[in-house]
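Chemist: Sequence and predicted structure are below.
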Amino acid sequence: MNVAVASRLAASPYARRLARERNLPLDALCGSGPGGRILAVDVLDFVPAQAPAELSAAGPAPSIAASSIAAFATSVALGALRELLATLESSGNVFDIDDILLRAAGSALGEISDATQLGEARVALELDKHQVVFAATMGMSLTSLRSMRLAAQADKRDDSQKPAALSVRLLPPGDIRPMMMPLLPGRAMRLTVSVGAAGDHAECLLTADAARVDEATSTAWLTALKSAVEHPLRLFV
Amino acid sequence: MAISAARAREDFKGAPNLPDRKILLDLFERMVLLRRFESVAQIACRKGETPGFLHLYIGEEATGVGVCAHLRPTDWVTSTHRGHGHALAKGANPGRVMAELFGKADGICGGRGGTMHLYDRSVGLFGTNGIVAAGIGHAVGIGMSARQQGRDDIGVAFFGDGAANHGGFHEALNFAAVQRAPAVFICENNLYATATPLKSITLNPEIATKAASYGMPGVAVDGNDVFAVWLAMKEATERARAGKGPTLIEAKTYRTVGHHEGDPVIGTYRTQEELDAWIKRDPIDMFRKRLIEEYRVSDPEALAAIEARIEKVVEEALTFARTSPEPDPTTVRLHVFADPINPPAAVQPRAVGETRIQGWLEAVRDGIAEEMRANPAILYFGEGTGERGGSFAHTKNLWQEFGPDRMVDTPISEQGFTAAAVGASATGARTVSDLMFADFAFETAGQIFLQAAKLRYMTSGVMSAPIVVRVGAGALRSSGPHHSGIYHPVFAHMPGLIVCVPSNPADAKGLMKTALRAGDPVIMLEPKALFASKGEVPVGEHYVPFGVARIARVGRDITIVAAGQMVQRALEAAEALAAEAIEAEVVDPRTIMPLDIDTIVASVRKTHRLLVVDEAWAMCGLGGEIAQAINELAFDELDAPPGRLHSAPTSHPFAPVLERAMLIDTARIAEGVRGVIAGKPPVPDHWYTVGLKSAAPAKPAPVSAKPQPAAPAVSVATAADDEPVTMPFGDLTVSEGTVVKWLKAVGDAVKQGELIAEIETDKAVVEIEAPVSGTLTAIDQPVGAVVPMGGRIGGIKK
């Protein structure tokens, strides 16, 4: 056993507790306190240094313990949204459901009271093996949001180490209802959406780190999301 | 005045007014009971059946029996470490007393008191006592308590010759005499204080003559002659009941056993010859002979029958003690405080009503007056707290309303009148003992710690002494080494004592009102520095419960715990830190014991950081106490080591610059908060270990430059070229005054020293004299204006 491993890491009791709850090994953390002491803020701001795939190859990945995961699901009616998108398309404005979900997720984050506790109220869109983080999905026009998304998708930008409260995963259309999805490193919440084959509804699964997001916040967020998608006009103004 | 024992015998030889035969035989029987009881206890002790010490009364029975024969169950006796005889003579059940000596559950104190702490409310036994002279003052208060409640019951104190040289004796006798207290003092002079001969420790071994110092009658009697004692006590009891005041009776007697079991009967301090001479004067043998031969009221057979009956009583007592169960160890924590600790009034929900701005002293005075109106038995003892209204004006107008019998002006005898307050409080007349300064509490520390605080526990909850010790506490503008301490950790150390350190007028009034209804002794430490402060006080009934902290400021980044005058300093620091985006939460515990640790823990769970700011010293203090509690209760919540700031570990220096260096100020608190948030709490150095290891001097703590204003700012008009007339600096606890009268008008000629204005403070009317001769050229403050000390009110041109 080498000396570095045997030496004791300085960490505040509160930081140790937070790390324990997140299954984060202390030696993955960088302490910002006196003498390199790991503080609570170091745990809360922690973003893994490596991509999840590589980590899993190297050994057990730092992941949230299953016991601290909470999951909530809801069905969202897409009728109103379909009609609206069709109307817009006929006037030459094309939007995908991805754009609407991004916008709705950001809007719902803005509605829950302790979004600030989750760090930046940013949303990460999950793409094939990478993520794109959007800082202010409500601060720009839906058209700009869409062009930003398409540009990021085109240049394969990876934002998986940037902070974001939530990641959004859109499954291929089909009648599979997601039951459990793991959280991605550094994300307190994950929304998985499966649009039904008929296109008239979507199954939404919210997984959350119960240590950081309590039950009331999770359900409030999911309720806000469902409401935003079912009454989509609000997302365009 | 003095009754000679010899004369008493002559008078009654065949006299027609010999007391009833039954009285005489009762005296005999009671003496036999005391002797047989202790002889049996002595054997049990030698067998190892009684834990602890055993001090026997053998040889002295005539005194206790002769005295107690005159007493009712509603009279109380206070006693000594040699007190089994007093307990039995006063009527305590022999079986339960024996069980107490055995430390058994059926003992008269449930096994918590034992031989030297025997209390029995049902027969008026106010404790044998492990502390020499401690019970003398209790008897004074007991008598005053009965008088205040309209009864002619009396307090009787037993003590030994050793106590006659103790301050407790002199203070109590003086206070009793001047108060005409319904009390009798019984000195059992057995010639030795433990093993020290009386004549070697005083040049006046005639203890009865010491009464003359206090203007009370003193009587010496043959303490081995039960009838002589009976006669002397008859007169003293009648005097006391009739309101004529106390009497000192010296009963000359001798213990024919060692000081305690295991101590040699004779030895370095007494001879076999002396012992033999006293055994010939054995009180029981002498009285037996007299009953038969002199009084002719009995015969040997009848007396033997009495002795046989007592033998049986004592045998039964021993069996009762032996078969009584041990106390249940799971009950060890019971009876420290009343349960619940708060009186019902303090926890009744009350609608938040009207408030008004009041000064600290006025608010507390109102609280005391409200409680004294509601409870006519409340007494108030203090030095200068009567007509004068107290050194801080803290009892102003109470004497005028409640009169000298309730607002009692005491001699400067903290021990004496606090003992009396303990006795009164435990017998129905709750009493405030006002000691003026917290520092002076140590003059009567024994009464507070050993008597008041322990009474509930020693009696397994049957008795308690709900005294309120009221003191001005803490540093205030160069009050100096003997008038600045606060000492709440010292008091909080003692189980059974409630310790209050309020921080604002509303809490001070509310805690005082709760204290005046509580079941336990309370020490009310009112920070003198806050006497001149004002605040919102609820109108009407307002109680603050013990053990409920107040969140003085809500914050998220750090918890500051502060009490008393440190609360305001902490709030000032919190405001300054808010500008740096640090939001501090300030928790004011209000009572140090009980301590609302739950509120502190809840705050730390939110902020994850802790700084304790306390005016008392660090060693074994509040900082260490609370920090360790957080370690134990909320370790996983800490994101930084807890910090503590205490006054420097020195006495309070007089020079203002030194005093400022010693005390915690706002800047130090802010610096301490920054340190804790940076993970580096202030490093204390109160252990004084530096000098032990090397000669390196202690580094002075870095102090932020901004000094705290130590006194109200003095506004001197520099523009005017006249001589300013100012509101003079006066009493330390007064900060301002109201102009009530101008005796001169602008333009009038004034002479140096001439009265020109009057200013009324909370304590007095201050006459303002012209500082120089000349013409009054300016009146800056009209009648009705409130002026700070040192503030300019006008000007004179030469």
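Modeler: Here it is on my side, so go on. Numbers count the residues shown, from 1 in each chain, chains lettered A, B, ... in the order given.

Chemist: Now do the same for the residue in the stretch 301-450 of chain B that chain A sits nearest to: helix, strand or coil?
Modeler: Closest contact between the stretch 301-450 of chain B and chain A, by C-beta to the nearest C-beta, is at B:Val352 (27.6 Å). C-beta: built from backbone N, CA, C; applies to glycine. Following DSSP: H, G, I helix; E, B strand; the rest coil, the label given to B:Val352 is coil.

Chemist: Pop the domain breakdown of chain B in here.
Modeler: B:5-321, B:359-538, B:550-693, B:723-797 (automatic domain parsing).

Chemist: Please identify the most buried of the ones you listed.
Modeler: domain B:359-538 (a mean of 23; mean count of other C-beta atoms under 10 Å in any protein chain shown).

Chemist: now it: mean pLDDT?
Modeler: The average pLDDT for domain B:359-538 rounds to 97.

Chemist: Let me know the distance separating B:Met463 from A:Asp214.
Modeler: As judged by C-beta to C-beta, to the nearest Å, B:Met463 and A:Asp214 stand 52 Å apart.

Chemist: Repeat that for B:Pro327.
Modeler: For B:Pro327, the distance to A:Asp214 (C-beta to C-beta) stands at 49 Å.

Chemist: Settle it for me: which of these two has more neighbours?
Modeler: Neighbour tally, B:Pro327 and A:Asp214, criterion other C-beta atoms under 10 Å in any protein chain shown: the higher count belongs to B:Pro327, 18 against 14.

Chemist: check contacts around that one.
Modeler: The contact partners of B:Pro327, by C-beta atoms under 8 Å, 6 or more residues apart in numbering or on different chains, come to B:Gly103, B:Lys104, B:Ala105, B:Gly110, B:Gly111, B:Arg112.

Chemist: again, but for A:His231
Modeler: A:His231 makes contacts with A:Ala80, as judged by C-beta under 8 Å, 6+ apart.

Chemist: and it, what pLDDT?
Modeler: 87.

Chemist: so what pLDDT did B:Val734 get?
Modeler: Taking B:Val734 on its own, its pLDDT is 77.

Chemist: Correction: the previous question concerned B:Pro700.
Modeler: 50.

Chemist: same question, B:Pro697
Modeler: 49.

Chemist: Break chain A into its domains for me.
Modeler: According to automatic domain parsing, the domains of chain A span A:9-46, A:68-236.

Chemist: worst average pLDDT in the ones you listed?
Modeler: domain A:68-236 (a mean of 84).

Chemist: End to end on it, go ahead and measure it.
Modeler: Terminal residues of domain A:68-236 lie 36 Å apart, using C-alpha to C-alpha, to the nearest Å.

Chemist: likewise stretch B:147-164?
Modeler: Terminal residues of stretch B:147-164 lie 26 Å apart, using C-alpha to C-alpha.

Chemist: rounded to a whole number, what's the mean pLDDT of it?
Modeler: 97.

Chemist: Around chain B, pick out the residues from chain A.
Modeler: A:Ser12, A:Pro13, A:Tyr14, A:Ala15, A:Arg16, A:Arg17, A:Gly33, A:Pro34, A:Arg37, A:Leu39, A:Ala40 (C-beta under 8 Å from any C-beta of the partner chain).

Chemist: Confirm that the fourth one sits in a strand.
Modeler: It refers to A:Ala15. No. Assessed with three-state DSSP, A:Ala15 is helix; it does not lie in a strand.
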